[in-house]
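Colleague: Let's see this in three dimensions:
(4 chains)
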There are 2 protein chains.
Amino acid sequence: MAKGLTRERVVAAALELLDEQGMGAVTVRALAARLDVRAPALYWHVRNKQELLDEMSTSVMRGVVAELSKIAPGAGWRDDLAAYARILRSQYLLHRDGARIFSGTRITDPDVVRMKEPYFERWTAAGLTIGEADDALDVVTAFVVGFVIEEQERRQSEPTRYSPIGRDAWLGEGVQKVKEAGHLRDDGAQRFERHLDIVLAGLTARLKR
Amino acid sequence: MAKGLTRERVVAAALELLDEQGMGAVTVRALAARLDVRAPALYWHVRNKQELLDEMSTSVMRGVVAELSKIAPGAGWRDDLAAYARILRSQYLLHRDGARIFSGTRITDPDVVRMKEPYFERWTAAGLTIGEADDALDVVTAFVVGFVIEEQERRQSEPTRYSPIGRDAWLGEGVQKVKEAGHLRDDGAQRFERHLDIVLAGLTARLKR
DNA sequence: ACCTGAACACCGTTCAAGT
DNA sequence: ACCTGAACACCGTTCAAGT
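Modeller: Numbering: from 1, shown residues only, chains lettered A, B, ... in the order given. Here you go, the predicted model:
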């Protein structure tokens, strides 16, 4: 008897499971239970667990594309890249360990990649070579991925290791500057803006305007 | 009867297993077999698998520290950061999926973190605030992590998706610029140097000299 | 102190069988 | 076309027992 299961519902339920209980809880059986079927039923909708993971990644990246297409093109590549960076971060943050799990991802939907085209067209029209445009996008992507991996890791670590006091004790004697740096860790959002500004400044310095 | 197993030997064997067969093959049983003991024996040396993973991470980061301490301090923070970035990348590249697995890592050895102190001291003596020094290190780290995750992912993907021809077919009609960008993907090392230069240029533009 | 044997609850996946 | 029941080989982990 058909239960109205679809690939989309399976993927959505898997993302919910991830967010609620972490990646370790995303098992075929738990997912089936949540969808009120038995484990083998899922294999009618996805080939195997790896394909499920790929579909989860692609779903997240489709979220990035959707958010990006909501906003108007910026005044130039700097604006476009800043908007992309903020959206990529926010979409990763929507899911527990999002950056680590979904980066370097096997995207199953070409439309997600085809989405780069209008940006490349505008940036090259504005004077960048295609190589520069590609570099710019990749540098920003790498930065966001690395930033959010660290951000999410810290967010869910035991406070013993990341609270200022616990950390100082763990570090031992001396290393005053390391401790000082640990104490000034500010809000994730403003840290992100500051670091993003540094990366964008590098692009401005190195690419044709 | 003691078999001369040590925590260090266990961790080293786990890293070998990772490199030879990937993370999925790093199981307690496979690791025990490689060390010629039964699975429960490992629990005498590590508390559980998570602790094993943390020790593997820490071992990799100790490699970074070791390589870094071999070279003389650079002429300034820019040189130091460039050397750090290259070493971090090379140590990640030593292990299959190294960047993804070992980034945002739970370092178990305070000495690895204490190692930042001499750098922070020299950079602040040269005019940076502690906040700037910390930002600089974090931006470079984030970039390297993101870069190498993507680099290693591509390296071991099926050629269907990353060979120029397979990729063009997969992308479909149009999107000429996206395809063009895909064709010019050059050597990882020179791409890394180019992107690192962009990040360092951003730091130069934004931090006190 | 260090290791084994046996067991527990749990994985992903296959496949014949049901509807 | 879509789902279940039963089974397979395999997990991480515990624990009493051996030496």
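Colleague: make it CA atoms for all contacts and neighbour counts henceforth
Modeller: Will do.
Colleague: Okay, strands next: where are they in chain A?
Modeller: With DSSP state E as the definition, chain A shows no strands.
Colleague: Now the most centrally placed residue in chain A. Nearest residue, chain neighbours left out?
Modeller: Per CA atoms, centre = their mean, the C-alpha nearest to the average position across chain A is that of A:Tyr92, at 3.3 Å. Distances taken as CA to CA, 6 or more residues apart in numbering or on different chains put A:Gly98 closest to A:Tyr92, at 4.6 Å, once the chain neighbours are dropped.
Colleague: And the one you found, how far from A:Gln91?
Modeller: 8 Å (CA to CA, to the nearest Å).
Colleague: other SSEs contacting the longest helix along chain A?
Modeller: The helix spanning the most residues in chain A, taking DSSP state H as the definition, is helix A:130-155. Using 3 or more CA pairs under 8 Å, 6 or more residues apart in numbering or on different chains; DSSP states H and E, the elements in contact with helix A:130-155 are helix A:77-93, helix A:98-102, helix A:116-125, helix A:188-206, helix B:130-155, helix B:176-183.
Colleague: Out of the ones you listed, which gets nearest to B:Thr204?
Modeller: Across the helices and strands packed on helix A:130-155, B:Thr204 has its closest neighbour in helix A:188-206 (8.1 Å, CA to CA).
Colleague: name the helices or strands packed onto that closest one?
Modeller: helix A:77-93, helix A:130-155, helix B:188-206.
Colleague: Please identify the most buried of the ones you listed.
Modeller: Highest mean neighbour count among the helices and strands packed on helix A:188-206 (mean count of other CA atoms under 10 Å in any protein chain shown): helix A:130-155, with a mean of 22.
Colleague: give me the number of residues near the residue nearest to A:Tyr92?
Modeller: A:Gly98 has 24 neighbours, counted by other CA atoms under 10 Å in any protein chain shown.
Colleague: Distance check, it against DNA strand D.
Modeller: Distance, A:Gly98 to DNA strand D, by CA to the nearest atom of the strand, to the nearest Å: 22 Å.
Colleague: give the contact list for that residue.
Modeller: A:Gln91, A:Tyr92, A:Ile149, A:Gln152 (CA atoms under 8 Å, 6 or more residues apart in numbering or on different chains).
Colleague: Format those as CSV; extra columns: pLDDT.
Modeller: Listed next are the contacts of A:Gly98 as CSV, based on pLDDT from 0 to 100:
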residue, pLDDT
A:Gln91, 98
A:Tyr92, 98
A:Ile149, 97
A:Gln152, 94
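Colleague: So which of those residues reach DNA strand D?
Modeller: With the criterion set as CA under 7 Å from any atom of the strand, no member of those is near DNA strand D.
Colleague: Take those residues and write them to TSV, including distance to A:Asp135.
Modeller: Formatted as TSV, the contacts of A:Gly98 follow (distance: CA to CA, whole Å):
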residue	distance to A:Asp135
A:Gln91	22
A:Tyr92	22
A:Ile149	21
A:Gln152	26
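Colleague: How much space separates the nearest residue to A:His183 once chain neighbours are set aside from chain B?
Modeller: Spatial nearest neighbour of A:His183, chain neighbours left out: A:Pro164 (5.8 Å); criterion: CA to CA, 6+ apart. As judged by CA to the nearest CA, to the nearest Å, A:Pro164 and chain B stand 14 Å apart.
Colleague: residue contacts, A:Pro164?
Modeller: Listed by CA under 8 Å, 6+ apart, the contact set of A:Pro164 reads A:Lys179, A:Gly182, A:His183.
Colleague: quick revisit: for DNA strand C, which of the helices and strands packed on helix A:130-155 is the nearest?
Modeller: helix A:98-102 (15.0 Å; CA to the nearest atom of the strand).
Colleague: pLDDT (mean, whole number) over that closest one?
Modeller: Helix A:98-102 shows a mean pLDDT of 96 in the predicted model.
Colleague: thinking again about what came up before, now do the contacts for the residue nearest to the centre of chain A.
Modeller: A:Val60, A:Gly98, A:Ala99, A:Phe102, A:Val148.
Colleague: do the same with A:Leu207
Modeller: Going by CA under 8 Å, 6+ apart, the list of residues near A:Leu207 reads A:Leu128, A:Glu132.
Colleague: And it, its phi and psi?
Modeller: Backbone torsions of A:Leu207, given as degrees, to the nearest 10, read phi -100, psi 160.
Colleague: so where's chain A uncertain?
Modeller: Applying pLDDT under 70 to chain A picks out residues A:1-2, A:158-161, A:185, A:209.
Colleague: so which residue of it comes closest to DNA strand C?
Modeller: A:Thr27 (3.2 Å).
Colleague: Please determine whether stretch A:103-122 lies in contact with chain B.
Modeller: Yes - Stretch A:103-122 comes into contact with chain B (CA under 8 Å from any CA of the partner chain), by way of A:Ser103, A:Gly104, A:Thr105, A:Pro110, A:Asp111, A:Val113, A:Arg114, A:Lys116, A:Glu117, A:Phe120, A:Glu121.
Colleague: Kind regards, and thank you for your time.
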